[in-house]
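Enquirer: Predicted model, plus sequence, below.
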Amino acid sequence: MKFPETNRDIDLIERYLDGELTFEEQQSFDKRMIDDPVFKDLVGARKESSELWLKARTYYTVKEEVNRIHKMKFSHKKNILRIVPSYLTQHKYYSIAAIGILLIALIAALLFIVRPSQKFKIADNDRNKIYDVRKAIKPAEKGEIKIYKYDLNNLLKPDNGEVISRNKVIRFEWRCFDNSDRYLFITKRGEELPVFSRLILCPKSFMLLPAGTLKPGVYTWYVTDEKFQRTFTIK
Amino acid sequence: MRKYTESELIDGVKRGDDQVILFLMKNYTNNIKKMVNDLNITRYIQPEDVIQEGMVELIMNIRDNKFKGTSSLSTYYFAICRFICLKQYNKFKNIYQLGDIEIADNDFRDFEIDGKLACILEILKSMKKECIEIIDLRFGLSINGDKVKREVENRGFEEIAKALNIEYANARQRFGRCIQALLAEYQKRKAFNFN
């Protein structure tokens, strides 16, 4: 395609459109329209461009109008939601899913934290000697410890009803079944929660409790299974 | 928000009533988002673009009296947007069927921004302001706010020179330069796109 290289043809066409051509020029113009296809194309494009230009200008004007009203449509929402990050408002479904997951995680965390602490409040006396029972119970909840039968036959010392002086070291003894871990619990009568607990690793099957650790009173002790308890008295 | 009858909507669009256009945008666009998402073509065109482009076409067609009223305005708008989706999809895929969408009726082909107009739109975007101004004047356009209309077929250069406060010869020369650039670019793009 050959493009007009000078302004002369354009000027001629504009004068033709304005009806300003002389008789000779008009004749020459008509002749060129027949003989010169490039010139004919140019005249056609000029006429066509006028209509297309109107459409294009209308299109952009309407587009600007729509854009302006579109902004107006969302302007009040922006005011209300300006504290919410834009990506949250744009990706609504992802945001809802993320909030849902967060809520579930929060509830799960609350259940995990609150439940053990309500069940096992550590007695306030001898606090520094008491093993954190939450740690003791945790593996059992996970199912990491197998339950072995620690019935009364396997709890050896102190014997049931034994009276022990406060000034003596107390030796606790039991039978060790295998190499799994055990938890020794000591509970004061009338109190629900243990005053002492400790993890004992097998094959060790005894524990020495220093003299004066327990205050005078009646106590029970058991290893792992609280169904089978032995009682002793500190005087 | 106030409710409008179909004729009130059409009159409002013709008048350029912002509230009416806002009403159309708020009430007619939900189906479009769903349609674009359902067609799974969001990698080719975004729902917001379809909505805006469709709204531009709708307004232009109503103002040009191309909307005959054979369907409801919402159906017409939906069809326009559907056609825009198809057109955009074809542009990338070069196929002519998209799910259950068929090529729109001849009625709807009127609003299609055809290749020639697309060329002019592209050129217009890159043109200098002074060229746009003088071409508008020469082509007899009057732009008043949101409304464009043609007042005369070809405005005389004396009038243009007066409007721009320049010499008559300068007006002719400037227009010559601008229209030459426009036509050269137009013919180049047309040759590239259609031959």
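Expert: Nice, I can see it.

Enquirer: residues contacting the residue nearest to residue B:168 when sequence neighbours are not counted?
Expert: Once flanking residues are discounted, residue B:168 sits nearest to residue B:161: 4.6 Å by C-beta to C-beta, 6 or more residues apart in numbering or on different chains. To be clear about C-beta, it is placed using only N, CA and C from the backbone, and glycine gets the same treatment. Applying C-beta atoms under 8 Å, 6 or more residues apart in numbering or on different chains to residue B:161 gives the contacts B:167-168, B:170-171.

Enquirer: Name the surrounding residues that touch the one helix or strand residue A:28 maps to.
Expert: For residue A:28, the host element (DSSP states H and E) is helix A:23-35. Helix A:23-35 has contacts (C-beta under 8 Å, 6+ apart) with A:12, A:15-16, A:21, A:39-40, A:43.

Enquirer: Just the buried ones from those, in ChimeraX syntax?
Expert: Here is the ChimeraX command that picks out the buried ones among the contacts of helix A:23-35, judged by 16 or more other C-beta atoms under 10 Å in any protein chain shown:
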select /A:12,15,16,21,39,43
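
Enquirer: re earlier: among the contacts of residue B:161, which are located in helices?
Expert: Per DSSP state H, helices hold the following members of the contacts of residue B:161: B:168, B:170-171.

Enquirer: Up against chain B, what does chain A have?
Expert: Contacts of chain A with chain B, taken as C-beta under 8 Å from any C-beta of the partner chain, map to A:1, A:3-4, A:7, A:10-11, A:14, A:17-18, A:41-42, A:45-46, A:48-50, A:52-67, A:69-70, A:72-73.

Enquirer: where do the helices sit along the chain?
Expert: Looking at chain A here, since you left the chain open. Remark: helices assigned in chain A by DSSP H are A:7-17, A:23-35, A:37-80, A:86-90, A:92-119, A:133-142.

Enquirer: Sorry, I should have been clearer: chain B.
Expert: For chain B, the helices defined by DSSP H occupy B:6-15, B:18-28, B:30-39, B:47-63, B:73-93, B:106-109, B:115-126, B:129-138, B:157-164, B:168-194.

Enquirer: Helix or strand with the lowest mean pLDDT in the chain?
Expert: Here I'm looking at chain A. Sorting the helices and strands of chain A by mean pLDDT, DSSP states H and E puts helix A:133-142 at the bottom, at a mean of 46.

Enquirer: That was the other one, I meant chain B.
Expert: Min over SSEs of chain B, mean pLDDT, DSSP H and E: helix B:106-109 (a mean of 44).

Enquirer: and residue B:161, how far is that from residue B:172?
Expert: Using C-beta to C-beta, to the nearest Å, residue B:161 is found at 8 Å from residue B:172.

Enquirer: Ok, residue B:122 next?
Expert: 27 Å.

Enquirer: what about the two, which has more around it?
Expert: Set side by side, residue B:122 and residue B:172 show more neighbours around residue B:172, with 20 against 13, by other C-beta atoms under 10 Å in any protein chain shown.

Enquirer: Report whether the expected contact of the more buried one with residue A:11 is present.
Expert: Yes. In this structure residue B:172 lies within contact range of residue A:11 using C-beta atoms under 8 Å: 6.9 Å.

Enquirer: and of the contacts of residue B:161, the nearest to residue B:155?
Expert: residue B:171 (10.2 Å; C-beta to C-beta).

Enquirer: per-residue confidence at that closest one?
Expert: With respect to pLDDT, residue B:171 scores 91.

Enquirer: same question, residue B:128
Expert: Residue B:128 is given a pLDDT of 90.

Enquirer: what about the nearest residue to it once chain neighbours are set aside, how many residues close to it?
Expert: Closest residue to residue B:128 apart from its sequence neighbours, by C-beta to C-beta, 6+ apart: residue B:178 at 7.8 Å. By other C-beta under 10 Å, the residues close to residue B:178 number 20.

Enquirer: Tell me the pLDDT of residue B:178.
Expert: As predicted, residue B:178 sits at a pLDDT of 91.

Enquirer: Please tell me I have it right and residue B:171 contacts residue B:164.
Expert: Yes. Counting by C-beta under 8 Å, residue B:171 touches residue B:164, with 6.4 Å between them.

Enquirer: Need the overlap of contacts for those two.
Expert: residue B:134.

Enquirer: weakest of the helices of chain B in terms of mean pLDDT?
Expert: Comparing mean pLDDT over these, the weakest stretch is helix B:106-109, at a mean of 44.

Enquirer: Need the contact partners of stretch B:62-75.
Expert: By C-beta under 8 Å, 6+ apart, stretch B:62-75 touches A:58, A:62, B:6, B:9-10, B:13-14, B:24, B:27-28, B:31, B:58, B:60-61, B:76, B:79, B:107, B:110-111.

Enquirer: sorry, that was for stretch B:11-20
Expert: So stretch B:11-20 is contacted by A:65, A:69, A:72, B:2, B:4, B:8-9, B:21, B:23-24, B:58-59, B:62-63, B:145-147 (C-beta under 8 Å, 6+ apart).

Enquirer: Report pLDDT for residue 149.
Expert: Chain wasn't specified; assuming chain A. Note on residue A:149: pLDDT of 59.

Enquirer: switch to chain B, that's the one I care about
Expert: On the pLDDT scale, residue B:149 gets 81.

Enquirer: partners of it in the sheet?
Expert: Listed by DSSP bridges, the beta-bridge partners for residue B:149 are residue B:142.

Enquirer: Quick check, it in contact with residue B:140.
Expert: No. Contact between residue B:149 and residue B:140 fails when scored by C-beta under 8 Å: they sit 9.2 Å apart.
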